[in-house]
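[1] prediction below, plus the sequence it came from.
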Amino acid sequence: MWRSLNIDLDPHCNLLNVLGQVYSDIYLKQDNRPEAMEYFDFVLSEVHGLRIRELLEHKARGGFIAGAFCLFIPDELILAAGGLPIGLCGGADLTISKAEEYLPRNICPLIKSSVGFKLAKICPYFESADFLLGETTCDGKKKAWEILNDFVPTRVVQVPHRKDDAGRGVYRAELDRLVKMLEEAGRTKISFDAVKKAIELMNNKRRALARLYETRKCQPSPISGKDALLISQVAFYDDVARFTASVDKLTGELTGRIAQGISPFAKDAPRIMLSGCPSVVPNWKLHHIIESLGAAVVVEEACTGTRYFETLVDESAADLNAQLDALAQRYLSINCSCFTPNHERTEQIIQYAQEYHADGVIYNTLQFCHTYNVEYARVEKALKEAGFPVLKIETDYTAEDAGQIQTRIEAFLERIKP
Amino acid sequence: MPQCMTSIGIDLGSRTAKYVILNQSGLVAFQVMDGGVHPLEKLRRALEKEGIMKAAGRPGIVATGYGRHLARKDLADQTITEIKAFALGAHYLYPDVRMVIDIGGQDTKVIALDGNGSFDNFGINDRCAAGTGRFLEIMAHSFEIDIGQFGAFALTAGGLIKVTSMCTVFAESEVISLLAKGEDPQSIALGVHQSVVERIETMINRLGRRRPILFAGGGALNPCLVKLLEDRLGGNLIVPENPQIIGALGAAVYALKQESGVRSREPEARSQESGESDQWPVISGQ
Ligand code: SF4
Ligand code: SF4
């Protein structure tokens, strides 16, 4: 299987070993884990096994695989064209030195890591993707697509920077272009029925995640933030229906745990909301540091978190055109820092902090991610006005600043729960 | 309750290790020593000499600093962060203090205090060494001057030559090439100090300036830093007699509180200035 994918075997093997060790240290050693996490452990353990086989089988049946990096690429259209959308990762330090042969050092680790995965040929997802779908959400990515296009066909969807009528028009027109492109890739017409089915499938997944997150509002939360993060990460590449069912099963178990008062956390553990940049697989760094200090991460305002599922696509559209309108409507409601002005995001952060009873907010930004980093100033001000202590952590995927970060977070916890 | 309540605070910094022994009537003993390779061993031996052993019935030991988790294993009962420790230590000596600057070996921090000895905000330099004690040490080295004399040396400058690089490595080469050009060493040394002070001023402004400000850590032993900071902040800084032990003192205060719920003693020297605050609402507890 690996040969057919043209994977570089030695580094790949190395990657799996490192990942396995880190995973067992960070995940399997947690106390009081829900039983239904077994499924997600299994998916992760098979991340480079069964799931890849499924993708290859899909391709053998004439389907295609589209890799993407961002929430603004609508999975519904890929599915409707007979493709499988895969959220590609870029959360490992391992591939960064490779990427730095091409890219400047001072660019965000997410971009470097993902470009590095391609250059090093060690990610079977990257290698099984027929093409990539990029977007224009930040300058770093915008230019990185041009480089990636030399290695794998990369098409770019233009995401506007303003949510006004002109911006909506741009995005809506891009969806038309995307439809054409996907129809070619899938050698099929995208039909009303196929889109309808895909919208329902994706909405169900979002509903399942929303129900799961609901349980985290309880005090204490019945599930660790690390586990919840893992689920958000798995959401990007697992089979949609199977994933949805597994999340529902977990939520059922959690409801029982709430009734019995079972939780991985102490009753009075400080409740932390994380806000900011996505933490893509296998970036578990901040969650792990925070929870190792005895605090509970109860919600992530991030793409690997609420942003992924918070709004649904209107299911009532009567024709394909209206479906595309509905998709555009939903996708442009995502509160990403790439927009200006962007009060919606700030308001939402406050709302989440309240709903999830956060004792404090940790604002997580990747180094050199200008949009999230700069937006911090406004978010910080709003949170303080709303009475929430906030701490900003800017970091990358290396371990070198772990001690520093630990001190900051420890001090932050001392401050919110003296 | 034990009859004689004594507590110990230890601060394992990146360059030095300190301990403070405290009881309800005040400071009993303290020491600052070079960290060396086995700072924990050194501390243990020093404490043994003071008659303090890790044994049943021993007084509470709280560790802080960079190496606090190391100490937790076999020397200390609990740990607190440097930030909390400096806040407690500063408040213990000067209850009025609303801001603490600490220039230590590896980090520089600014802590904003509320009226109750707790902090409500803080800033630390990020991973690079700019603005830290280490930065000054490396610069002093380029002048072949002992770090203990570096501040006094800079104070004799006739003028000021700016050092523009933020990065320690680049600043070092900048200094070396200025020296090679024959520029006045004292004026360059003043520029080096100035750049550290500018960084700290930014950190202070970010949190919102409050007064009075206490200057702690090894950096407070440097008269040039004290003077430049006072000039820029437009007022007197409180520099405690032993600025390096504020962290260990805070840890000891915490340990004592844990054991007895003791209240901080009244200060001998109250600062003259009022607790002015620019942006930050000061929680009025007293
Ligand atoms: S943060 Fe914004 S740009 Fe980045 S992946 Fe999420 S939605 Fe896309
Ligand atoms: S984290 Fe920020 S800089 Fe990096 S890809 Fe996402 S938006 Fe761009």
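    Nice, thanks for sending it over. Ligands and ions are numbered 1, 2, ... in the order given.
[2] going forward, measure contacts between C-alpha atoms and count neighbours the same way
    Noted.
[3] got the residue ranges for the strands in the stretch 151-286 of chain B?
    B:213-216 (DSSP state E, counting those that start in this stretch).
[4] then chain A?
    In chain A, the strands defined using DSSP state E lie at A:64-68, A:83-87, A:131-135, A:154-157, A:271-276, A:296-301, A:360-366, A:390-395.
[5] what does the stretch 151-300 of chain A put close to ligand 1?
    A:277-278 (CA under 6 Å from any ligand atom).
[6] show me what residue of the stretch 151-300 of chain A gets nearest to ligand 2.
    residue A:277 (5.4 Å; CA to the nearest ligand atom).
[7] chain B too?
    At 19.2 Å from ligand 2, residue B:126 is the closest residue in chain B, using CA to the nearest ligand atom.
[8] go on, chain A?
    For chain A, CA to the nearest ligand atom, closest residue to ligand 2: residue A:369, 3.6 Å.
[9] where exactly do the helices run in the stretch 51-200 of chain B?
    With DSSP state H, counting those that start in this stretch as the criterion, the stretch 51-200 of chain B has helices at B:68-74, B:82-93, B:133-142, B:147-155, B:168-180, B:185-207.
[10] who does the third one touch, helix- and strand-wise?
    To tie it back to what came earlier, the one meant is helix B:133-142. Applying 3 or more CA pairs under 8 Å, 6 or more residues apart in numbering or on different chains; DSSP states H and E, one finds that helix B:133-142 makes contact with helix B:147-155, helix B:168-180, helix B:185-207.
[11] just the first one next, same as before
    Using 3+ CA pairs under 8 Å, 6+ apart as the contact criterion, the elements in contact with helix B:68-74 are strand B:60-64, strand B:78-79.
[12] and of the helices of the stretch 51-200 of chain B, who's closest to residue A:153?
    Nearest to residue A:153, of all the helices of the stretch 51-200 of chain B, is helix B:168-180, at 41.7 Å by CA to CA.
[13] now do the buried residues in that closest one.
    Within helix B:168-180, the residues that count as buried by 16 or more other CA atoms under 10 Å in any protein chain shown are B:168, B:171-172, B:174-176, B:178.
[14] how about stretch A:51-59?
    Result for stretch A:51-59 [16+ other CA under 10 Å]: buried residues A:51-52, A:55-56, A:58-59.
[15] what separates that stretch from the chain centre, distance-wise?
    Computed by CA atoms, centre = their mean, to the nearest Å, the chain-centroid distance of stretch A:51-59 equals 21 Å.
[16] list the contacts of it.
    Residues outside stretch A:51-59 that contact it (CA atoms under 8 Å, 6 or more residues apart in numbering or on different chains) are A:1, A:43, A:64-65, A:84, A:124-125, A:128, A:238.
[17] which of those are buried? Put it as a PyMOL command.
    Buried residues among those (16+ other CA under 10 Å), as a PyMOL selection:
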select buried, chain A and resi 43+64+65+84+124+125+128+238
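[18] that older thread, would you turn the helices and strands packed on helix B:133-142 into TSV with distance to residue A:209 and mean pLDDT?
    What follows is the helices and strands packed on helix B:133-142, written out as TSV (distance: least, CA to CA, whole Å; pLDDT from 0 to 100):
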stretch	distance to residue A:209	mean pLDDT
helix B:147-155	58	94
helix B:168-180	47	90
helix B:185-207	38	93
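[19] can I get these in TSV with distance to residue B:5?
    Listed next are the helices and strands packed on helix B:133-142 as TSV, based on distance: least, CA to CA, whole Å:
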stretch	distance to residue B:5
helix B:147-155	36
helix B:168-180	45
helix B:185-207	37
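[20] relative to chain A, which of these is closest?
    helix B:185-207 (10.5 Å; CA to the nearest CA).
[21] and that closest one, which residues are buried?
    For helix B:185-207, the neighbour count (16+ other CA under 10 Å) marks B:185-197, B:199-201, B:203-204, B:207 as buried.
[22] packing partners of it?
    Using 3+ CA pairs under 8 Å, 6+ apart: helix B:185-207 touches strand B:108-113, strand B:119-124, helix B:133-142, helix B:147-155, helix B:168-180, helix B:223-233.
[23] quick check: which ranges of chain A have low pLDDT?
    Low-confidence regions of chain A, defined by pLDDT under 70, span residues A:418.
[24] residues in contact with the residue of it found nearest ligand 1?
    Nearest residue of chain A to ligand 1: residue A:70, at 3.7 Å (CA to the nearest ligand atom). For residue A:70, the contact set (CA under 8 Å, 6+ apart) comprises A:87, A:134-135.
[25] one more pass at 7 Å, please.
    Applying CA atoms under 7 Å, 6 or more residues apart in numbering or on different chains to residue A:70 gives no contacts.
[26] now for chain B, the helix or strand with the poorest mean pLDDT.
    The helix or strand of chain B with the poorest confidence is helix B:68-74; it has a mean of 83 (mean pLDDT, DSSP states H and E).
[27] tell me the phi and psi of the residue in chain B that chain A sits nearest to?
    Nearest residue of chain B to chain A, counting by CA to the nearest CA: residue B:81, 5.8 Å away. Main-chain torsions, residue B:81, degrees, to the nearest 10: phi -80, psi 160.
[28] my read: it touches residue B:65, true?
    Yes - Residue B:81 is in contact with residue B:65 according to CA atoms under 7 Å; the separation is 6.3 Å.
[29] tell me which of these two has more neighbours.
    residue B:65 (27 against 24; other CA atoms under 10 Å in any protein chain shown).
[30] and the more buried one, what pLDDT?
    The per-residue pLDDT reported for residue B:65 equals 92.
[31] three-state assignment of residue B:10?
    strand (DSSP: H, G, I helix; E, B strand; the rest coil).
[32] quick check: closest non-adjacent residue to the residue nearest to the spatial centre of chain B.
    Chain B has residue B:217 as the residue nearest its centroid, 2.4 Å off, counting by CA atoms, centre = their mean. Nearest residue to residue B:217, sequence neighbours excluded (CA to CA, 6 or more residues apart in numbering or on different chains): residue B:244, at 4.3 Å.
[33] got the contact list for that neighbour?
    Residue B:244 neighbours (CA under 7 Å, 6+ apart): B:216-218.
[34] picking up where we left off before, how far away is the residue of chain A closest to ligand 1 from residue A:185?
    20 Å (CA to CA, to the nearest Å).
[35] do the same with residue A:343
    From residue A:343 to residue A:185 the distance is 38 Å (CA to CA).
[36] comparing the two, which residue is more hemmed in?
    Taking other CA under 10 Å, residue A:343 and residue A:185 do not tie; residue A:185 has more neighbours (19 against 15).
[37] next one: that one from residue A:80, what distance?
    For residue A:185, the distance to residue A:80 - CA to CA - is 12 Å.
[38] ok, residue A:377 - how many residues close by?
    Around residue A:377 there are 11 residues (other CA under 10 Å).
[39] I misspoke; the intended subject was residue A:284.
    Under the neighbour criterion other CA under 10 Å, residue A:284 is assigned a count of 22.
[40] please name the nearest non-neighbouring residue to it.
    residue A:226 (7.1 Å).
[41] next up, the contacts around the one residue in chain A that gets nearest to chain B.
    Nearest residue of chain A to chain B, counting by CA to the nearest CA: residue A:411, 5.8 Å away. Listed by CA under 7 Å, 6+ apart, the contact set of residue A:411 reads B:81, B:83-84.
[42] which one of those sits closest to residue A:398?
    For these, the nearest to residue A:398 is residue B:81 (22.6 Å; CA to CA).
[43] do you know the pLDDT at residue B:126?
    74.
[44] residue contacts, it?
    Contacts of residue B:126 by CA under 7 Å, 6+ apart: none found.
[45] what about it, distance to residue A:230?
    28 Å.
[46] ditto for residue A:368
    On the measure of CA to CA, residue A:368 and residue A:230 end up 24 Å apart.
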